[in-house]
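*Asks:* Task: produce atomic coordinates for the following.
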Amino acid sequence: MKEHVERMKKELDELGDKINKLGVFIYENEKFDTLSPFEQVAMIKQLGFMQAYRDVLLERFEHAK
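*Replies:* Below is the predicted model:
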């Protein structure tokens, strides 16, 4: 596998881990409910952006393989 494709794979794996952890915090951790409404909305937006970024990166990775 080419070096830049390996880097994309590593980034995909790391990003997937971060998405999972943020999703668990948002949807399963009671501490999320103690945050201000602004912070809650910001974190939900962040999760959406991270997922969209992962989707594009995955498309690039699949194309490059």
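
*Asks:* which regions of this structure lie under the pLDDT threshold?
*Replies:* Scanning the chain for pLDDT under 70 picks out no residues.

*Asks:* what residue lies at the spatial centre of it?
*Replies:* By CA atoms, centre = their mean, the chain has its centre lying nearest to Ile19, at 3.3 Å.

*Asks:* what's downstream of the host helix or strand of that residue, the next helix or strand?
*Replies:* Taking DSSP states H and E as the definition, one finds Ile19 inside helix 3-28. Per DSSP H and E, the first helix or strand lying C-terminal to helix 3-28 is helix 37-64.

*Asks:* Check the offset of the helix holding Ile19 from the chain's centre.
*Replies:* 5 Å (CA atoms, centre = their mean, to the nearest Å).

*Asks:* What about Phe61, how many residues nearby?
*Replies:* 18 (other CB atoms under 10 Å). C-beta coordinates here come from the backbone N, C-alpha and C atoms, glycine included.

*Asks:* burial count for the nearest residue to it once chain neighbours are set aside?
*Replies:* Excluding its sequence neighbours, the residue lying closest to Phe61 (CB to CB, 6 or more residues apart in numbering) is Met8, at 4.6 Å. Counted with other CB under 10 Å, residues neighbouring Met8 total 19.

*Asks:* Same check on Glu39?
*Replies:* 11.

*Asks:* hmm, back to that, residues of the helix holding Ile19 that come out buried?
*Replies:* Met8, Lys9, Leu15, Ile19, Leu22, Ile26 (16 or more other CB atoms under 10 Å).

*Asks:* how about those residues in JSON lines, adding distance to Val56?
*Replies:* As requested, the buried residues of helix 3-28 are arranged in JSON lines below (distance: CB to CB, whole Å):
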{"residue": "Met8", "distance to Val56": "11"}
{"residue": "Lys9", "distance to Val56": "15"}
{"residue": "Leu15", "distance to Val56": "11"}
{"residue": "Ile19", "distance to Val56": "13"}
{"residue": "Leu22", "distance to Val56": "18"}
{"residue": "Ile26", "distance to Val56": "22"}
